[in-house]
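Q: Could you look at this predicted model? Sequence included:
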Amino acid sequence: MIQVAGYCRVSTDKEDQANSFASQQSYFRAYISSHPDWRLYEIYADEGVSGTSTRKRRQFHRMIQDAYAGRFQLILTKEVSRFSRNIVDTLSYTRKLRQIGVAVEFMTDHINTMDGDGELRLSIMATLAQDESRKTSSRVVWGQTRQMEKGVVFGRSLLGYEVANGVLTVEPEGAAVVRLIFEKYAREQMGTSELARYLTQTGYRTHRGSSRWSTGAILRILKNEKYAGDLVQKKTYTPDYLTHEKRANHGEVPLICLKDHHEPIVSRELWQLAQERMEQNNKHGHGSWGHSNRYVFSGKIRCAGCGASFVGRVKVRKDGTRVRRWSCGTAVRQGRSGCAIGKLIRDDDAMHMLKTAVQSLPLDIHAVIRNVTALAMDAVRATREGVGEEPEPLQRELEQLRQKKVRVMDAYFSGDLSREEMLTMNRRYEAQAEDLRTRLEAAVEGKRCGDGLERLQKTIRSDVAALLRFERESTALCKTVLDCLTVFPDRHMELRLRDLPQVFQFQG
């Protein structure tokens with residue numbers, strides 16, 4: 001008796017009734033019953049997934065695993081496009097199955113992979129199926145582009161806006177938060193880190209309902225042109241219709257930009273003010289003083305004589321080593337006539353002054369390390385919520401299900417159960433087993449993560465201690481704590497730390 005499996009798939013696009021699950025399954029059963037020496041093992045079905053890739057087809061992969069376990073010798077599928085629209089996947093899987101003695105029969109296309117010319121005919125049909133996917137993808141992209149040009153919005157709702165049927169409408173509660181963010185950042189000159197802390201402490205909610213705000217979330221809001229009433233679409237594109245993976249659009253395809261497309265939440269003036277400030281603070285751009293902001297002291301060393309920022313220049317010594325030195329921007333551009341301060345400050349000297357100032361603060365280093373470590377561990381544990389099951393009970397449940405399936409088969413072969421009853425019970429047990437296997441994987445991963453939490457905590461504590469003692473340099477930390485370093489004509493310097501009243505004086 002040949003054990004036979006069926007595979008059917010309904011994709012995400014609308015298809016005729018002939019491709020529905022019910023019709024495909026009844027088709028399989030009728031076909032199998034017409035062969036006295038065949039017995040149906042199981043029908044595997046994937047719903048709402050594309051055929052261009054097998055990656056997200058759980059039932060397909062379960063079928064392949066069962067084939068390797070020797071549970072059936074033949075797979076029936078209605079046509080090549082139901083099995084896969086990717087020629088590489090089609091040929092790869094059918095070859096692997098043929099090597100273990102499992103045939104695939106494409107019923108409508110009259111192809112059996114065990115036939116002599118089966119692979120040749122399969123290659124032709126798979127190529128046609130893949131090309132049809134390419135044409136379908138092109139038609140979809142073309143249609144979406146035309147809709148975008150008409151102003152139809154593709155995307156999800158966001159803070160301050162609801163998207164429904166391709167239309168953006170203002171959501172008042174979220175819009176108020178958006179206006180607050182722009183006001184605080186653009187007019188009150190509040191930094192993104194400070195703004196994130198403020199929103200978190202005052203209980204404002206993100207679009208997802210979280211009370212935790214991050215600098216990244218703030219920046220995404222400040223950069224989003226929708227809040228000024230404009231619409232830019234095709235910020236991402238899909239280069240490969242087979243993988244469906246999206247990539248950021250850096251000019252590969254034209255953007256679709258519509259000015260004054262919908263009701264703005266912030267004024268054009270406020271929007272522009274925020275963009276100008278971000279441009280000045282952009283660590284890879286150029287601020288108002290014409291300097292690069294990539295380094296700790298970029299824009300932070302000021303001339304007391306003319307008010308200009310010092311600019312950095314790299315000098316290569318005779319031994320090949322490189323040293324960065326800072327000098328008054330006005331003096332660099334206009335010479336001594338522009339500014340008389342000729343003081344050059346080496347980068348390592350400026351860093352030494354910053355370290356000296358921070359280390360002189362009356363900080364309880366151990367308390368800071370404990371608090372920062374506790375906050376970091378809270379964030380790590382928050383990402384592990386819901387992974388609390390123990391693996392052992394789940395493994396026992398899986399074994400019990402396996403024994404139940406064995407007893408069902410014994411009852412079937414002894415005549416105590418009908419074939420339909422046996423199949424129904426097996427399907428139910430298999431569904432329960434699949435759920436248990438998923439939970440078991442999560443439990444094993446959670447246990448592994450839990451075992452590593454203690455090591456992670458020690459690592460975080462060690463890293464924080466090294467940063468606070470400046471045993472390990474951190475550009476982000478230095479830029480956060482440093483307010484400015486002012487150079488005076490008498491060659492003395494004053495260093496200020498952010499949000500502290502003290503002035504630290506150094507002699508050049």
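A: In hand now; what should we look at?

Q: Over to the nearest residue to Leu231 once chain neighbours are set aside. Which of the three states is it?
A: Excluding its sequence neighbours, the residue lying closest to Leu231 (C-beta to C-beta, 6 or more residues apart in numbering) is His261, at 4.0 Å. Glycine gets a C-beta too; all of them are placed from N, C-alpha and C. Of the three states, His261 takes coil according to DSSP: H, G, I helix; E, B strand; the rest coil.

Q: ok, His261 - how many residues close by?
A: Neighbourhood size, His261 [other C-beta atoms under 10 Å]: 18.

Q: can you tell me the helix or strand for Phe310?
A: strand 310-316 (DSSP states H and E).

Q: for Glu421, same thing?
A: Assigned by DSSP H and E, Glu421 falls in helix 419-468.

Q: that older thread, just checking: what are the partner strands of the strand holding Phe310?
A: strand 322-328 (antiparallel) (DSSP bridges).

Q: Dump the C-alpha coordinates for the strand it pairs with into PDB.
A: This file holds the C-alpha atoms of strand 322-328, laid out as PDB (Å, rounded to 0.1, in the frame of the first residue of the first chain):
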ATOM      1  CA  ARG A 322      48.400  61.100  13.000                       C
ATOM      2  CA  VAL A 323      47.300  63.700  15.500                       C
ATOM      3  CA  ARG A 324      44.200  65.800  15.400                       C
ATOM      4  CA  ARG A 325      44.600  69.500  16.400                       C
ATOM      5  CA  TRP A 326      41.900  72.100  16.900                       C
ATOM      6  CA  SER A 327      42.200  75.800  16.000                       C
ATOM      7  CA  CYS A 328      39.900  78.800  15.700                       C
END
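
Q: what comes up buried for that strand?
A: By neighbour count on 16 or more other C-beta atoms under 10 Å, the buried set for strand 322-328 is Arg325, Trp326, Ser327, Cys328.

Q: Okay, the second one and Leu219: tell me how far apart.
A: By that I understand Trp326. Noted for Trp326: a distance of 28 Å to Leu219, by C-beta to C-beta, to the nearest Å.

Q: which element follows the helix or strand of the chain with the lowest mean pLDDT toward the C-terminus?
A: Taking mean pLDDT, DSSP states H and E as the measure, the helix or strand of the chain with the lowest value is helix 365-382, at a mean of 71. Sequence-wise, the next helix or strand downstream of helix 365-382 (DSSP H and E) is helix 391-413.

Q: quick one, that next one and helix 419-468 angle?
A: Computed by axes from the mean of the first three to the mean of the last three C-alpha atoms, to 10 degrees, the angle separating helix 391-413 from helix 419-468 equals 170 degrees.

Q: ok, residues contacting helix 391-413?
A: 417-419, 421-422, 425-426, 429-430, 432-433, 436-437, 439-440, 443-444, 447 (C-beta atoms under 8 Å, 6 or more residues apart in numbering).

Q: can you give me the mean pLDDT across it?
A: Helix 391-413 shows a mean pLDDT of 82.

Q: Report the buried residues of it.
A: Pro391, Leu394, Glu397, Leu398, Leu401, Lys404, Lys405, Val408, Tyr412.

Q: For the helix holding Glu421, what does the pLDDT average out to?
A: 73.

Q: who does it touch, helix- and strand-wise?
A: strand 38-47, helix 365-382, helix 391-413 (3 or more C-beta pairs under 8 Å, 6 or more residues apart in numbering; DSSP states H and E).

Q: could you check the angle strand 38-47 makes with that helix?
A: Using the same axes, to 10 degrees: helix 419-468 against strand 38-47 is 40 degrees.

Q: Give the next helix or strand downstream of helix 419-468.
A: Following helix 419-468 in sequence, per DSSP H and E, is helix 475-481.

Q: need the contact list for the nearest residue to Lys226 once chain neighbours are set aside.
A: In space, and not counting its chain neighbours, Lys226 is closest to Tyr161: 6.4 Å by C-beta to C-beta, 6+ apart. The contact partners of Tyr161, by C-beta under 8 Å, 6+ apart, come to Leu168, Thr169, Val170, Glu171, Gly174, Ala175, Lys226, Ile265.

Q: Tell me the bridge partners for Tyr161.
A: Bridge pairing for Tyr161 (DSSP bridges) gives the partners Leu158, Val170.

Q: can you tell me how far it sits from Arg370?
A: Tyr161 sits at a distance of 42 Å from Arg370 (criterion: C-beta to C-beta).

Q: Would you show me how to pick out the buried ones of the contacts of Tyr161 in ChimeraX?
A: Per 16+ other C-beta under 10 Å, the buried members of those correspond to this ChimeraX selection:
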select :168,171,174,175,226,265
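
Q: What residue spans form the domains of this protein?
A: Domain segmentation of the chain under automatic domain parsing yields 2-146, 151-281, 290-382+474-508, 384-449.

Q: And those: which comes nearest Arg455?
A: If you check each of the domains of the chain against Arg455 by C-beta to C-beta, domain 384-449 wins as the nearest, at 10.8 Å.

Q: quick one: the closest one to chain centroid distance?
A: Chain-centre distance of domain 384-449: 32 Å, with C-alpha atoms, centre = their mean, to the nearest Å.

Q: List the buried residues for the strand holding Phe310?
A: Result for strand 310-316 [16+ other C-beta under 10 Å]: buried residues Phe310, Val311, Gly312.

Q: who's in contact with it?
A: 289-292, 295, 297-298, 301-303, 322-329, 332, 345, 347, 487.

Q: which sections of the stretch 251-400 of the chain are below the confidence cut-off?
A: Residues of the stretch 251-400 of the chain meeting the criterion pLDDT under 70: 281-294, 333-338, 376-389.

Q: Report how many residues lie close to Gln189.
A: Neighbours around Gln189, by other C-beta under 10 Å: 9.

Q: Counting neighbours, what do you get for the residue nearest to it when sequence neighbours are not counted?
A: With sequence-adjacent residues excluded and distances taken as C-beta to C-beta, 6+ apart, Gln189 is closest to Arg277, at 7.5 Å. Arg277 sits with 16 neighbouring residues when counted by other C-beta under 10 Å.

Q: Also Met63?
A: Met63, neighbours per other C-beta under 10 Å, totals 26.

Q: Assess the claim that it and Tyr44 are in contact.
A: Yes - with contact defined as C-beta atoms under 8 Å, Met63 reaches Tyr44; the gap is 4.2 Å.

Q: what touches both of those two?
A: In contact with both Met63 and Tyr44: Ala5, Tyr7, using C-beta under 8 Å, 6+ apart.

Q: show me the contacts for Ile341.
A: Contacts of Ile341 (C-beta under 8 Å, 6+ apart): Cys303, Ala304, Gly305, Cys306, Cys328, Ala331, Val487, Pro489.

Q: Find the nearest non-adjacent residue to the third one, please.
A: The shortest distance from Gly305 to any residue other than its chain neighbours is 4.9 Å, reached at Ile341 (C-beta to C-beta, 6+ apart).

Q: does the one you found count as helix, strand or coil?
A: coil.

Q: Tell me how far it lies from Ser298.
A: 18 Å.

Q: So in terms of bridging, what pairs with Lys315?
A: Val323.

Q: how much space between Ala5 and Ala431?
A: For Ala5 relative to Ala431 (C-beta to C-beta), the value is 16 Å.
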